[in-house]
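In: Below are the sequence and a predicted model; questions follow.
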Amino acid sequence: MTPSIKVASAALTLAVLLGAAACSQPAEAPAGIEAAADAIPASADVHPFAIGDLQLAALRDGTLTLPLDHTPWGDAAVVAAILTEAGEDGDAVHLSVQPLLVRQGDRVVLIDTGAGGQMGTQNGLPGALAAAGVDAAEVTDILISHAHGDHIGGLLNAGGALAFPNAVIRMSAPEWRALQTGAEAQGLAALVTAITPQVRPFEHGAAITPFLTAVPLDGHTAGHSGFAIISGDERLLYIGDALHSAVISVRRPELVNAWDIDSDTAVSTRQGLVERGAGEGQRYYGVHFPYPGLGRIEQRDGGFVWTPET
Ligand SMILES: [Zn+2]
């Protein structure tokens, strides 16, 4: 397959699946008294919000700080210029890490698990989850966008045991295959052994629960997946690492990111997300965008900008 056909195919897949997720929304029970009573308490590291009758919360895990000469976008001067033009400090790139909690009744879903204190982060997830009123044993489903350390780092506790002992762990079939294949080389053999009994891989684009559908966002890893969260006429797209920086990835989606396994496809996916997000006013959840990661992409002055919800 030529690069151009591959890119067109990736863009088409994204468009079809975003549309399909919107059209295939399941009938939901009306919001009930129970849901209101279960509202998640807000705190410094917990940002609760609702999508239809679903209770959600951004859970702050920490921040990845990248010196300008160690970002995936190459030339430090180019990165600094993009940051400065956006009115940001041009001294480093700061990527927040905030897994997303989604509740409906007894179904407690956690999307990604943070870095587990790796990469200079703060391992805030366990405390944030407790502050949200959720015991780790209550989590029923863990959805993994992709198997990088800042997303699977919280799967095991400090003792090497499952941090969420009763949760089924869901990731795309190609992502799970790649994790198993590379486990030894990446020092993840013990993690793979520990989580294997809990893993239920899904087909790319599958419905995971009545309110959650996997959305292939190809290019970052072997089976990178976003998630469309839908209730009533409201929807939110968890974009995973298709976009890392609310400044650099949004303003310059065509920039090559060295963390992407397939750069052409990742650029196509990124451009599709930016353009469709701006065109449709789609609400996004950026796991690495400034906390709490909620907002929309807008087209302004001939370019694209991230507009966070305040
Ligand atoms: Zn990440």
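Out: That came through, no problem.

In: Name the nearest residue to residue 58, sequence neighbours excluded.
Out: For residue 58, ignoring the flanking residues on the chain, the nearest one in space by CB to CB, 6 or more residues apart in numbering is residue 292 at 3.5 Å. In short, each C-beta sits where N, CA and C put it, glycine included.

In: quick one: the one you found from residue 273, how far?
Out: Look at residue 292 and residue 273: by CB to CB, to the nearest Å, they are 19 Å apart.

In: Same question for residue 145.
Out: For residue 145 relative to residue 273 (CB to CB), the value is 13 Å.

In: More neighbours: the two, which one.
Out: residue 145 (29 against 25; other CB atoms under 10 Å).

In: these two touch, right, that one and residue 223?
Out: No: look at residue 145 against residue 223 with CB atoms under 8 Å: they stay out of range, at 9.6 Å.

In: list residues touching both of these two?
Out: Counting by CB atoms under 8 Å, 6 or more residues apart in numbering, the residues touching both residue 145 and residue 223 are residue 171.

In: just to revisit the earlier point, helix, strand or coil for the residue nearest to residue 58?
Out: In terms of secondary structure, residue 292 is coil; the call rests on DSSP: H, G, I helix; E, B strand; the rest coil.

In: how close does it sit to residue 48?
Out: Counting by CB to CB, the gap from residue 292 to residue 48 is 9 Å.

In: Check residue 179 too.
Out: In this view, residue 179 and residue 48 are 31 Å apart by CB to CB.

In: who has more neighbours, those two?
Out: Using other CB under 10 Å as the criterion, residue 179 and residue 48 rank with residue 179 on top: 25 against 18.

In: Next, work out how far apart the residue lying closest to residue 67 once chain neighbours are set aside and the ion are.
Out: Distances taken as CB to CB, 6+ apart place residue 92 nearest to residue 67, at 5.6 Å, with adjacent residues excluded. According to CB to the ion, to the nearest Å, residue 92 stands 17 Å off from the ion.

In: How many neighbouring residues does residue 92 have?
Out: The number of residues packed near residue 92 is 16, by other CB under 10 Å.

In: pLDDT wise, what is it at?
Out: For residue 92, the pLDDT comes out at 96.

In: tell me the contacts of the most centrally placed residue in the chain?
Out: Taking CA atoms, centre = their mean, the centroid of the chain lies closest to residue 240, which sits 2.6 Å from it. Neighbour list for residue 240: 112, 145-146, 151, 217, 220, 224-227, 287 [criterion: CB under 8 Å, 6+ apart].

In: Which stretches in the stretch 1-150 of the chain count as strands?
Out: Defined through DSSP state E, counting those that start in this stretch, the strands belonging to the stretch 1-150 of the chain, from first to last, are 46-51, 54-59, 62-67, 92-97, 100-104, 107-111, 141-143.

In: With only the CA atoms kept, save the first one in CSV.
Out: Read that as strand 46-51. The C-alpha trace of strand 46-51 is given here as CSV (Å, rounded to 0.1, in the frame of the first residue of the first chain):
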residue,chain,number,x,y,z
VAL,A,46,-10.8,15.3,40.9
HIS,A,47,-12.8,17.2,38.3
PRO,A,48,-16.3,15.7,38.0
PHE,A,49,-18.7,16.3,35.1
ALA,A,50,-21.5,14.6,33.3
ILE,A,51,-22.2,13.2,29.8
